[in-house]
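> After the sequence you'll find the predicted model.
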Amino acid sequence: MAAITASMVAELRAKTDAPMMECKKALTEADGDMARAEELLRVKLGSKASKAASRVTAEGIIAIHIAGNTGAMVEINCETDFVAKNDDFLAFGKTLAQLVAERNPADVAALAALEIDGASVEARRAVLIGKIGENMSIRRFKRFAGDAKLASYLHGTRIGVVVEFDGDEVAAKDVAMHVAAMKPVALSSADVPAALIESERSIATQKAAEDAEKAMAEGKTPQSADIVAKRVEGSVQKYLKEVSLFNQAFVKNDKQTVEQMLKAANTTVKGFTLYVVGEGIEKKSENFADEVAAQMAAARAS
């Protein structure tokens, strides 16, 4: 049985907004598996557990460079929010985005090997680390080049969106802002990854089974298999509408969908890319008291 720590409970609560004790119970049942615990909470508490976005802990910035139909978006990470606001660090990010757009490196290693004024990107990263006194890394980038126009939106430096489109630039910029706020996973329902659909179907099925057990325990007749199947499919279809860009209610006018807004503006969105700083990265959690105790033990040992 995995040890369930306070930090694990806090992380799950931050992701789900579920009560502290429910988070602890879910983690215990899932033997410490965070993803499984989140799924268990969603089954038990319904959609509430999925409403709060995961609190990203890694620090860094998103930088975007666009020139005509060519552009790039880059994420670079650092250890603290303080450094993420450093002018030299911000300038480094902008330089990298421009390099990606103009010189089209194959991957992060190729980007690190590119030269800026006679020195490689990697050498300049090392100099910056020495100057600022904090580790930093180039995490990922995406380059855009083709016939489509490009529109972008930066929410501070932590969320970046690039939209590929044809048509009205104002409408495309509005879509980029919408993506940053609503975080769709695909353009349309048909484009949502199968793994996400199956996960949602599994959660809906487990929720229906739990409802049936509750009904039987209360002496009530559970719903028929046909009705349960329709409920599950209804939950899946609702999820698809919630996470596909074209089906989402437009943030500036919730009386119309994004698709309807684009049609009215005679604009076509061909794709979008969303970067959130630190997405998927776990930040190491330090316990100050434990750290001090460890340092004192090391001092005694020496």
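Now that the structure is in, tell me what you want to look at.
> Return the helix or strand in this protein with minimum mean pLDDT.
In the chain, no helix or strand scores lower on mean pLDDT, DSSP states H and E than helix 48-51, which sits at a mean of 43.
> moving C-terminal of it, what's the next helix or strand?
strand 59-67 (DSSP states H and E).
> That following strand pairs with which strands, parallel or anti?
Note on strand 59-67: by DSSP bridges, its sheet partners are strand 70-78 (antiparallel).
> and the helix or strand just after the partner strand, what other elements does it pack with?
Using DSSP H and E, the helix or strand that follows strand 70-78 in sequence is helix 81-84. Applying 3 or more CB pairs under 8 Å, 6 or more residues apart in numbering; DSSP states H and E, we find helix 81-84 packed against strand 59-67. Every residue, glycine included, has its C-beta placed from N, CA and C.
> Report how many residues lie close to the spatially closest residue to residue 147 that is not a sequence neighbour.
Distance criterion CB to CB, 6 or more residues apart in numbering; nearest residue to residue 147, sequence neighbours excluded, is residue 69 at 6.8 Å. By other CB atoms under 10 Å, 13 other residues sit near residue 69.
> Any regions of the protein where pLDDT drops low?
Within the chain, the stretches with pLDDT under 70 are 1, 17, 45-57, 280-302.
> Following the record's annotation, map out the domains of it.
Using automatic domain parsing, the domain parsing of the chain gives 1-56, 59-146.
> The residue nearest to residue 147 against residue 145, yeah?
Yes. Residue 69 lies in contact with residue 145 (CB atoms under 8 Å); the separation is 6.7 Å.
> before we move on, back to that, let's have the domains of the chain in TSV, adding distance to residue 195.
TSV is the format used below for those (distance: least, CB to CB, whole Å):
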stretch	distance to residue 195
domain 1-56	12
domain 59-146	20
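> Could you grab the helix/strand/coil label for the most centrally placed residue in the chain?
Nearest residue to the geometric centre of the chain (CA atoms, centre = their mean): residue 279, 4.6 Å. The three-state assignment at residue 279 reads coil, by DSSP: H, G, I helix; E, B strand; the rest coil.
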